[in-house]
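Enquirer: Here is a sequence together with a model predicted from it:
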Protein chains: 2
Amino acid sequence: MKIEIINTGTELLIGDVINTNAAWLGQCFVELGLEVSRSTCVPDGAAIQEALGEACARVDVVIVTGGLGPTMDDVSREGASAVFGLAMDFDDEVLAWLTAFFASRGKPVNEHNKRQAMKPRGAIVMPNAHGTAPGLYLPAELGAARGLNCHVFLLPGPPRELKPMMTEQVVPVLRSLLPDGNSTECRYFKFTGMGESDISMALQGALEAIGGLEIGYCLGKGDVDVRLRGSVAALDEAGTLCREKLGEFLVSDDRRLLEQVVVEKLKEQGQWVATAESCTGGFIASRLTDVSGASGVFGLGLVTYANEAKTRQLGVPSALIEEFGAVSAEVAAAMAEGCLQVSGADHALAVTGIAGPGGGSEGKPVGTVFVALASKGRATEVRRRSYPGGRDRFKMLTSQTALDFLRRRLSGFDLPGE
Amino acid sequence: MKIEIINTGTELLIGDVINTNAAWLGQCFVELGLEVSRSTCVPDGAAIQEALGEACARVDVVIVTGGLGPTMDDVSREGASAVFGLAMDFDDEVLAWLTAFFASRGKPVNEHNKRQAMKPRGAIVMPNAHGTAPGLYLPAELGAARGLNCHVFLLPGPPRELKPMMTEQVVPVLRSLLPDGNSTECRYFKFTGMGESDISMALQGALEAIGGLEIGYCLGKGDVDVRLRGSVAALDEAGTLCREKLGEFLVSDDRRLLEQVVVEKLKEQGQWVATAESCTGGFIASRLTDVSGASGVFGLGLVTYANEAKTRQLGVPSALIEEFGAVSAEVAAAMAEGCLQVSGADHALAVTGIAGPGGGSEGKPVGTVFVALASKGRATEVRRRSYPGGRDRFKMLTSQTALDFLRRRLSGFDLPGE
């Protein structure tokens, strides 16, 4: 079954509103074992009819969002009636409902609102419990006279109206249209610490050899998702392969983020982590505390941006800072060890580096960072990394590296080399 | 000039990634006085060629994002060459650059990476300072033999690569294609601490009375942008109006973020801030240190997630925590005052609240937070706020409130009431 989505609304095209509906609807179809083949954004007005006509000729199901409001630029109803060649009628039940709705607010239904009771002849009304715009379903047979064979659903644009209508009213219809035995699934293998092309070099051939798998790569911020679709048996085989070939780089096979995996592993092992951050300015702590329940594994984070703070809060000797510089392996290690002591945690992550754009030197250019992990009863380890390319990227990749060191330690893998 | 955007990437259609590029590009065109007539999302693979062919026949400029990576499903280059009917060549300069790039990381260029050096014959390479995928510009004349008259830009998908390439390399080309005399400008007035509809109630009539202004409202995360397009004279008049009517809520008129404004004001006044965070887990410190040069105004942040950390690091009496609870005005004030002392800063921000989903009670439901500001030689002030609706939103709005308190203090405005 081929599907397209059409999102209408000038606000989407001029960038006032980010189109979150398309992604949410895409996830709905993935859960049904289906994939959207195209999504299109058009402005309010006549463009809706043009885009709908094109889509109906290409696919089996079209979802239209928006354009069901009361104003004159809301023309999804009219667009569908033109594409299907159907007259427009008032729906008496909807008109009665609208009249009651406005009466309950002490207002009469005005002429603009009455437009929301119109529908292409034969369309099925989908009630809207969260707004005044009912949805409409045009079954494929309504377009037969025009040579079309496409089911069209017109849904409201606001997410809080769209989502329940999709889940409660559209999805059951879609399920009834699906052939039985559609048994592929989607699985995500999230890797970190290795580049996209290296991962594809290591896996692509072997994944292709399994057969029956759709393979996609998605570069995230500091990680790479290998997205596989296929039978459960093929996916299980692929999972074994990913673990054998790249197990130490594998964060999750169920969409959990690195910080979630770290918090869960700490919980399982009954251990605590503390953080001492310079250049990341609290971002590592913030990522850890994005995870619900982080309070069971994280009690203290120190953002020691100034050298004096490193000395006073973490006990890093100022002589050490003078000798090696605040951005050095020695200071990173001392920060981690100081943090372990101050916090009483089982593990302490520390980072010190040059986020830029200023502060670089020849030996330590912008992007240089030292990441240290101290754990109770073990020798502290430090690695040097280079993440030039802006403060946001620097903070993201540095925090990713630090959290990944802890994931590795908690999973029994060595830290990677320099 | 008619424009379409094509965003490629299966991850967009299956809802793994929300398409923020379309909205950002839409804003770029609004700033040029142009509007995108359609944006289309297609999966990786052959669909790119189909969508590009259709778009080139409809409009004057097409922006394609994504599909420039090294993996076999990245086929924007091939799609454009097919649509324009051009052979594919290796670009020697790009190949040399890629070789040097990987050599600097101690790696050879592999065969997949080499694909990134290919281009349709005659296409102009746009260097990518933030990744390995160069952009490509196919001027309209390259498609003349096929009867096309459309400029095509192939840009990388990751926003941190896309944005600088668009701003620095594509926009100048677009400007050169535009007729002269496009003399309106766009200006953004960023407000915080006031809702979108209240801002529009306060400003809309007076802005309309100025005349010649296009007015748009864009709700951000904790702030609202009023976007005005018009002559410089009309924009200056609008600026005076915004300051007169809502000056205390006005963060910037030049797109600077709240954290940038705060860091700059601290710098101007030669003052320091420190932070003591519980429920935001380092996010306030992280926002401050997103600003280049934050090290001149921020030296120490404490993430005291556990009660014991509040007592040991900030000197909050454990009796106080027992009497009023960790989430209370009293503890927030004690955290701020402790932080002021420990850090020696001029101002200290402290927050304690319930991010959820657990931890709420009848008197203090999930989303409850206390925000305190202590400043040298002044009485500490605390405000209670409620930000239910998920951890991300909670952290964002709480940090926004805290930073805005400091902006107000540094600007000579009182803190808002409860």
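Expert: Alright, I've got the coordinates.
Enquirer: Now the longest helix anywhere in chain A: average pLDDT?
Expert: Counting residues, the longest helix in chain A under DSSP state H turns out to be helix A:391-411. Mean pLDDT, helix A:391-411: 97.
Enquirer: Kindly report the same for stretch A:324-339.
Expert: Across stretch A:324-339, pLDDT averages out at 98.
Enquirer: Report the buried residues of it.
Expert: For stretch A:324-339, burial by neighbour count (16 or more other CB atoms under 10 Å in any protein chain shown) applies to A:326-339. Quick note: C-beta positions are derived from backbone N, CA and C, even for glycine.
Enquirer: could you dump that stretch to PDB, C-alpha only?
Expert: Extracted in PDB, the C-alpha atoms of stretch A:324-339 (Å, rounded to 0.1, in the frame of the first residue of the first chain):
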ATOM      1  CA  PHE A 324      50.400  21.900  32.000                       C
ATOM      2  CA  GLY A 325      47.600  24.400  31.300                       C
ATOM      3  CA  ALA A 326      43.900  24.100  32.200                       C
ATOM      4  CA  VAL A 327      43.400  22.100  29.000                       C
ATOM      5  CA  SER A 328      45.600  19.100  29.500                       C
ATOM      6  CA  ALA A 329      45.400  15.400  30.300                       C
ATOM      7  CA  GLU A 330      46.900  16.100  33.700                       C
ATOM      8  CA  VAL A 331      44.200  18.600  34.700                       C
ATOM      9  CA  ALA A 332      41.400  16.400  33.200                       C
ATOM     10  CA  ALA A 333      42.600  13.500  35.400                       C
ATOM     11  CA  ALA A 334      42.800  15.700  38.500                       C
ATOM     12  CA  MET A 335      39.300  17.000  37.900                       C
ATOM     13  CA  ALA A 336      37.900  13.500  37.600                       C
ATOM     14  CA  GLU A 337      39.700  12.300  40.700                       C
ATOM     15  CA  GLY A 338      38.700  15.400  42.700                       C
ATOM     16  CA  CYS A 339      35.100  15.000  41.500                       C
END
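Enquirer: Out of the buried residues of stretch A:324-339, which are close to chain B?
Expert: Counting by CB under 8 Å from any CB of the partner chain, nothing from the buried residues of stretch A:324-339 sits close to chain B.
Enquirer: Up against chain B, what does the stretch 251-400 of chain A have?
Expert: The stretch 251-400 of chain A comes close to chain B at residues A:275, A:277, A:279-286, A:288-290, A:292-295, A:298-306, A:308-309, A:313, A:343, A:355-358, A:389-393, A:395, as judged by CB under 8 Å from any CB.
Enquirer: In helices, which of those residues fall?
Expert: Per DSSP H, these map to helices at A:283-286, A:288, A:308-309, A:313, A:343, A:391-393, A:395.
Enquirer: Quick check: which element contains A:Gln49?
Expert: Element membership of A:Gln49, judged by DSSP states H and E, is helix A:47-58.
Enquirer: which residues touch that helix?
Expert: A:2, A:4, A:6, A:8, A:37-38, A:40, A:42, A:62, A:64, A:67, A:75-76, A:78-80, A:82-83, A:143, A:148, A:150, A:152, B:37-38 (CB atoms under 8 Å, 6 or more residues apart in numbering or on different chains).
Enquirer: So among those residues, which ones count as buried?
Expert: Among the contacts of helix A:47-58, those buried by neighbour count (16+ other CB under 10 Å) are A:4, A:6, A:8, A:37-38, A:40, A:42, A:62, A:64, A:67, A:75-76, A:78-80, A:82-83, A:143, A:148, A:150, A:152, B:37-38.
Enquirer: Counting only helices, which of those residues make the cut?
Expert: With helices defined by DSSP H, the entries of the buried ones among the contacts of helix A:47-58 inside them are A:Ser76, A:Glu78, A:Gly79, A:Ala80, A:Ala82, A:Val83.
Enquirer: Of the residues you listed, which ones also sit close to chain B?
Expert: Applying CB under 8 Å from any CB, the subset of these adjacent to chain B is empty.
Enquirer: just to revisit the earlier point, which of the ones in helices among the residues of the stretch 251-400 of chain A next to chain B are buried?
Expert: Applying 16+ other CB under 10 Å to these flags A:Phe283, A:Ile284, A:Ala285, A:Ser286, A:Leu288, A:Ala309, A:Gln313, A:Ser343, A:Arg391, A:Arg393, A:Lys395 as buried.
Enquirer: Show the contacting residues for the first one.
Expert: By that I understand A:Phe283. Neighbours of A:Phe283 in contact, by CB under 8 Å, 6+ apart: A:Glu277, A:Lys395, A:Met396, A:Thr398, A:Ser399, B:Gly282, B:Ser286, B:Thr289.
Enquirer: What separation do you get for it and B:Ser399?
Expert: 12 Å (CB to CB, to the nearest Å).
Enquirer: Also A:Pro127?
Expert: Distance from A:Pro127 to B:Ser399, counting by CB to CB: 40 Å.
Enquirer: Of these two, which one has the most company?
Expert: Ranked by neighbour count (other CB atoms under 10 Å in any protein chain shown), A:Pro127 and B:Ser399 place B:Ser399 first, with 28 against 12.
Enquirer: That one reaches B:Thr280, doesn't it?
Expert: Yes - the criterion here is CB atoms under 8 Å, and B:Ser399 meets it with B:Thr280 at 5.5 Å.
Enquirer: Show me the common contact partners of these two, please.
Expert: Residues touching both B:Ser399 and B:Thr280 (CB under 8 Å, 6+ apart) are B:Val351.
Enquirer: Low-confidence bits of chain A, can you list those?
Expert: The model of chain A has pLDDT under 70 over residues A:180-183.
Enquirer: how about a cut-off of 80?
Expert: Within chain A, the segments meeting pLDDT under 80 span A:16, A:31, A:71-73, A:105, A:179-184.
Enquirer: What ranges does the stretch 251-400 of chain A have for its strands?
Expert: Taking DSSP state E, counting those that start in this stretch to define them, one finds strands in the stretch 251-400 of chain A at A:273-277, A:298-304, A:347-353, A:368-375, A:381-386.
Enquirer: The last one vs strand A:368-375, what angle?
Expert: Taking axes from the mean of the first three to the mean of the last three CA atoms, to 10 degrees, one finds that strand A:381-386 is oriented at 160 degrees with respect to strand A:368-375.
Enquirer: what helices or strands is strand A:381-386 leaning on?
Expert: Packed against strand A:381-386 by the contact rule (3 or more CB pairs under 8 Å, 6 or more residues apart in numbering or on different chains; DSSP states H and E) you find helix A:329-343, strand A:368-375, helix A:391-411.
Enquirer: Taking their axis directions, the shortest one and helix A:391-411 sit at what angle?
Expert: With the same axes, to 10 degrees applied, the angle from strand A:368-375 to helix A:391-411 works out at 30 degrees.
Enquirer: Next, the angle strand A:347-353 makes with strand A:368-375.
Expert: Orientation check (the same axes, to 10 degrees): strand A:368-375 against strand A:347-353 gives 170 degrees.
Enquirer: same deal with the longest one?
Expert: Between helix A:391-411 and strand A:347-353, the angle formed by their directions is 150 degrees, by the same axes, to 10 degrees.
Enquirer: Following element in sequence after the strand or helix carrying A:Leu154, please.
Expert: Taking DSSP H and E as the criterion, A:Leu154 maps to strand A:151-155. Reading on from strand A:151-155 to the C-terminus, the next helix or strand found by DSSP H and E is helix A:159-165.
Enquirer: Just give the number of residues close to A:Thr240.
Expert: Neighbours of A:Thr240 (other CB under 10 Å): 11.
Enquirer: which ones are touching it?
Expert: A:Thr240 neighbours (CB under 8 Å, 6+ apart): none.
Enquirer: what's the answer for A:Val125, then?
Expert: A:Val125 makes contact with A:Asp91, A:Glu93, A:Val94, A:Lys119, A:Pro134, A:Gly135, A:Leu136, according to CB under 8 Å, 6+ apart.
Enquirer: Taking those, please make a PyMOL selection of just the buried ones.
Expert: Restricted to buried positions by 16+ other CB under 10 Å, the PyMOL selection for the contacts of A:Val125 reads:
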select buried, chain A and resi 91+94+119+134+135+136
